[in-house]
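Peer 1: after the sequence you'll find the predicted model.
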Amino acid sequence: MPALPLDALRQLVPQAWQGRPHQISVEAIYGALSAHEEGDFSQSGWLGRLLLRDDRIAACLDTRINALLSYREEVEGAEIDDDAEEEMVRDAAREWWPKVATESARRALEYDKCLYGVGFAEVIYSRSARLWTPVAIKPWDVDSFRWSDWDDCYVVQTQDGQQKVKHGDGRWIVYEPYGARSWRSGFLLSLADKWLMRQWTWRDWARFTEKLGQGVFVASVPANASDVAKGKYLAQVQRIGSNGAVIVPKGDTAGTSYGLDLVTTNGTGFQNFEQFTTALNVTIAVRILGQNLTTEAQGGSYAAANVQDRVRGDLLQWDAQCESTALHTGILEPWTVANYGDAVLSPWTCRETDPPEDEKAKAETRKLKIDTLVAASALSPRVDVEHELEKLGFDLLNKSDVPESAASVTPPVPPIAAPEEALSMGRGPLVRLAGGNPARFLHAGQTWANGLVDAATELSAPEVSKIILSIKRAAKDASGFEDFRMRLIDLASEAPSKASEEMFERAILLAVGQGTYSASLEIDAGS
């Protein structure tokens, strides 16, 4: 096929597309934006496609749309009392939905929604005597549409003339996420000038690098050299390549010698381009993604970038809600009315956009709460441990289902052979503290007190079992006799009844008596 002449090719291409980015005037862009604000989209399409040539804008839009489409979508039934009829309509919609609402159609609608603030798609049906079944969603370019104040709706210019376009009429889906005059909130109005600035910045930066990045050769020739000699030397210098070499004749004096110097620039003018480009990048990312952390995160910000995960969470949820509402009222509701006669039965599409839980952080939080619960239960017998465990998500067995072998039993503290010098002083065997420093020991009096508490626990009535267990914990966790006595005093002050308080007082007296007896043995042994 012969190539078209350049003039003929230009006639086939819209005038706005014929120039390179740096040749597109500010007046042309703002003219298109003014028309867009008035609801005339005839110039909006080509301007939006120009914006998508920019790698930054295209990448941010891809991120925004991919974040939404990556979540799994489910078709859910309407929440009505008649579950059987609801499930019938839902199951029927699930049969054709994946084939009709394809990712390519949804992506095109999302691009138009983001860029222009409005998107248009036509629903194609297969009709029979009994059923109307959608077979395709066909997105339309916005260039053919405009808003008509006279008709109070959108209109489209087709081969058959001008037609009205209304959302949910059975044929058209009009995607208006921002409500009335939704087109005035599209990214096109706020990013067109940023796009033009980026094009000019890259152009000027490239010229700056081309002009000053490689340096300039300065050739010097003798003043009395002939024009032929000068011309040959200049031609030799001009032919220098990346690995070139040149012969520089030297005379007896500077006036009779040839010379060659490379002059380079060491300025910081390039930093202006870097800073301005960075500022534009930030502006574009914040406008499209709602944040800039994941596009510019460095070093220690990596963990934070994972948390925010590319698109700000509220924008992602808003995208999902707008999409669900538009598809419900634009295709699912008309289909339900046509086939089942009642819009109340219309199903909905749903995406779960809530961020997944951080399992590691959740486990650490639960562990911290359990440690706090253990410490609190040791301080007071009135702490309802089982209730708190249920609040943390633990499934507890009924008391009747707990086997006796699984009952909580405090293991006896085995005696440890005492050093011979301790035995020679008459102190008797030493025992290691159950919950303290393994290098520390207590005398047999502490062991006797532990045994006394164990015996009391076995003989105690059920209603005071928590009190006895708190005394056991105090004996187990005490670092010494004085610590054990103070723990018992604290527990006595929190006693729920007079009888409980008397039991704590007896335990304190027994501990004091046994401690005094052990201390006297030590004094006698040391004397």
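Peer 2: Cool, the structure landed.

Peer 1: show me what counts as buried in the helix or strand where Phe208 lies.
Peer 2: Element membership for Phe208, per DSSP states H and E: helix 187-212. Going by neighbour count (16 or more other C-beta atoms under 10 Å), the buried part of helix 187-212 is 187-189, 191-192, 194-196, 198-199, 201, 205, 208. C-beta here means a position set from N, CA and C on the backbone, and glycine is covered the same way.

Peer 1: now do stretch 230-242
Peer 2: Within stretch 230-242, the residues that qualify as buried are Tyr233, Gln236, Val237, counting by 16+ other C-beta under 10 Å.

Peer 1: I'd say the second one and Ala245 touch.
Peer 2: No. In this structure, Gln236 sits apart from Ala245 without contact. The criterion is C-beta atoms under 8 Å, and the distance is 9.6 Å.

Peer 1: thinking again about what came up before, which of the buried residues of stretch 230-242 sits closest to Asp149?
Peer 2: Comparing these against Asp149 with C-beta to C-beta picks out Val237 as the nearest, at 69.6 Å.

Peer 1: wait, what's in contact with that closest one?
Peer 2: Val237 makes contacts with Phe217, Ala219, Val246, Leu260, as judged by C-beta atoms under 8 Å, 6 or more residues apart in numbering.

Peer 1: how much space separates the spatially closest residue to the third one that is not a sequence neighbour from Val216?
Peer 2: When you say that, I think you mean Val246. Spatial nearest neighbour of Val246, excluding adjacent residues (C-beta to C-beta, 6 or more residues apart in numbering): Gln236 at 5.2 Å. Separation of Gln236 from Val216 (C-beta to C-beta, to the nearest Å): 16 Å.

Peer 1: same check, this time on Leu315
Peer 2: Using C-beta to C-beta, Leu315 is found at 51 Å from Val216.

Peer 1: for Arg127, same thing?
Peer 2: Per C-beta to C-beta, Arg127 is found 75 Å from Val216.

Peer 1: got it, and Leu327?
Peer 2: 63 Å.

Peer 1: who has more neighbours out of those two?
Peer 2: The neighbour comparison of Leu327 against Val216 (other C-beta atoms under 10 Å) goes to Leu327, with 24 against 11.

Peer 1: what helix or strand is the more buried one located in?
Peer 2: Remark: Leu327 resides in helix 313-327, with elements defined by DSSP H and E.

Peer 1: now swap in Phe394 and tell me
Peer 2: Phe394 is part of no helix or strand when elements are defined by DSSP H and E.

Peer 1: and it, how far from His328?
Peer 2: 40 Å.

Peer 1: buried ones in the helix holding Leu327?
Peer 2: By 16+ other C-beta under 10 Å, the buried positions in helix 313-327 come out as Leu315, Leu316, Gln317, Asp319, Ala320, Cys322, Glu323, Ser324, Ala326, Leu327.

Peer 1: so for it, what's the average pLDDT?
Peer 2: For helix 313-327, mean pLDDT rounds to 92.

Peer 1: same question for stretch 126-137.
Peer 2: On average, stretch 126-137 scores 89.

Peer 1: quick revisit: kindly indicate which of the buried residues of helix 313-327 lies nearest Ala475.
Peer 2: Closest to Ala475 out of the buried residues of helix 313-327 is Gln317 (54.9 Å), distances taken as C-beta to C-beta.

Peer 1: I figured that closest one hits Thr353, correct?
Peer 2: Yes. Counting by C-beta under 8 Å, Gln317 touches Thr353, with 5.0 Å between them.

Peer 1: got the contact list for Val385?
Peer 2: For Val385, the contact set (C-beta under 8 Å, 6+ apart) comprises Leu373, Ser377.

Peer 1: any weak-confidence spans in the stretch 301-450 of the chain?
Peer 2: Applying pLDDT under 70 to the stretch 301-450 of the chain flags residues 301-310, 355-359, 403-450.

Peer 1: the residue nearest to Val174 when sequence neighbours are not counted: neighbour count?
Peer 2: Closest residue to Val174 apart from its sequence neighbours, by C-beta to C-beta, 6+ apart: His167 at 3.7 Å. By the measure other C-beta under 10 Å, the count of residues near His167 is 17.
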